[in-house]
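Trainee: Below are the sequence and a predicted model; questions follow.
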Amino acid sequence: MRAYLQQLQGNYSEALSSLREAEKGLPEDHPNGLLIYGNYAWIYYHLVNYEKVELYLGRIHKICQSLSSPEPYSVQIPEIHAQKGWSLLAFGFRNGDKATECFEAALQEDQSNPDFQAGLAISVLASWTRSFNFHLGEKAKSLLEAILQRQPQNYEIKVYLADVLEKKNWKRCVDLIMDVAQNSLNPEDLRQASRICKKKLLPRAIGILQGAIALAPSYHLLHYDLGVCYKMQLGGAAPEEREGILVAAIESFQRAVEADPQSIFSRLDLAQLCGEKAPLHAEEMYQNLLEKLPMVSKRCQQAIYLHWGDFLLHKKGLRQQALEMYEAGYFIAGGHIKEWHLLRERLVNLGNNFQEGSEADRAAAVFETLRLRPKFQM
């Protein structure tokens, strides 16, 4: 996976180094060598080293022959399907449907393989989190329960099952989360457990994250999620508690940025909170983020426009400039539905604000913008 990302960026020597690491300990003619040798051939093709390309194609052909494949350079084996499924999931739960197909194909050849079964369960869960289709939720629950019966100490599966049960069986959901929090030493399991319980058990979520940070102090998402929890606390904090919570939130986001300077959301939340005490510093932070717009994902672009628009509106009182930022983010295609809904909400509020202020023309222009793009576009 690392080699793939490196070659996408044109860092071929680093990609080759990663493949060498992947190759260590791989038995000769092992089927998994197909993936590694195929990547070697692809990178050397880009490097115009056709002698090396032929070398690795030859190794692939030898493995395919040993597996009696009718194709000279490809073979249908369950391990390859499964690795493709895990790779798709690693790139995001939006790939749940495609990953499901991969694990179903793998299970046709090896129905009792626990790795393939776990992959199918997580893939179906991934599809459910994108659609919230009732039948997918029930299927995910059934698959996860079956795995948990065989592997009662599988804390990753417990977290996923808790996610499915959150709105159906809160008591069981909490029991699973508490089990994970008390027994798992995997920081990612703990992070996901805190994410589920923060809506109703915010202090507990904070405690779980603090424990996870003790295990993995350099994991930036733990600091980011802790900052988000403190932000949630700010909403209902008593005046005498507010200052301490604000300081804790800022500190968490600062640590997240230190651990991963490229984390756009950590930087946005940090700028937002700094705006409460040092608006000039916050404005400088936003300007730095605006300079990065062409280099970040569509979702990050949406988020930057959203936060900068909020700052212009609420800290500087610049409604027209804020409107322009919201519109710019709203019309980004290929972003995320969450940010899109927030941008749409801001535009509706501004339109109503203009209308109430007897600025009918400006209000009409805003609502025309909303009419031009009535639905979310992927």
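Mentor: Structure received. Numbers count the residues shown, from 1 in each chain.
Trainee: Quick check, pLDDT for the residue positioned nearest the centre of the chain.
Mentor: Nearest to the geometric centre of the chain sits Gly92, at 5.9 Å (C-alpha atoms, centre = their mean). Per-residue confidence (pLDDT) for Gly92: 87.
Trainee: how about it, what does it touch?
Mentor: By C-beta atoms under 8 Å, 6 or more residues apart in numbering, Gly92 lies in contact with nothing. (Each C-beta comes from the backbone N, C-alpha and C, glycine too.)
Trainee: now Ser142
Mentor: Contacts of Ser142 (C-beta under 8 Å, 6+ apart): none.
Trainee: try 10 Å this time
Mentor: 121, 124, 164 (C-beta atoms under 10 Å, 6 or more residues apart in numbering).
Trainee: Now do the helix or strand encompassing Asn349, average pLDDT.
Mentor: Element membership of Asn349 [criterion: DSSP states H and E] is helix 337-356. Mean pLDDT, helix 337-356: 91.
Trainee: Now do that helix: distance to the chain's middle.
Mentor: 25 Å (C-alpha atoms, centre = their mean, to the nearest Å).
Trainee: Could you tell me how far Leu350 is located from Leu323?
Mentor: Distance from Leu350 to Leu323, counting by C-beta to C-beta, to the nearest Å: 6 Å.
Trainee: what's the overlap in contacts for the two?
Mentor: By C-beta under 10 Å, 6+ apart, the residues touching both Leu350 and Leu323 are 309, 313, 362, 366, 369.
Trainee: Closest to Ile208 out of the residues you listed?
Mentor: Of all those, Gly309 has the smallest distance to Ile208: 33.2 Å, by C-beta to C-beta.
Trainee: quick one: what helix or strand has the closest residue to that closest one other than its chain neighbours in it?
Mentor: Counting by C-beta to C-beta, 6 or more residues apart in numbering, Met325 is the residue found nearest to Gly309 once chain neighbours are left out, at 3.5 Å. Using DSSP H and E, Met325 maps to helix 319-330.
Trainee: Which neighbouring elements make contact with that helix?
Mentor: helix 298-314, helix 337-356, helix 360-372 (3 or more C-beta pairs under 10 Å, 6 or more residues apart in numbering; DSSP states H and E).
Trainee: Burial-wise, tell me which of these comes out on top.
Mentor: helix 298-314 (a mean of 22; mean count of other C-beta atoms under 10 Å).
Trainee: From the contact counts, what lies against that one?
Mentor: Against helix 298-314 (3+ C-beta pairs under 10 Å, 6+ apart) you get helix 264-274, helix 279-291, helix 319-330, helix 337-356.
Trainee: Tell me who's in contact with Glu283.
Mentor: 271, 274-275, 308, 311-312, 315-316.
Trainee: What separation is there between it and Gln233?
Mentor: Counting by C-beta to C-beta, the gap from Glu283 to Gln233 is 25 Å.
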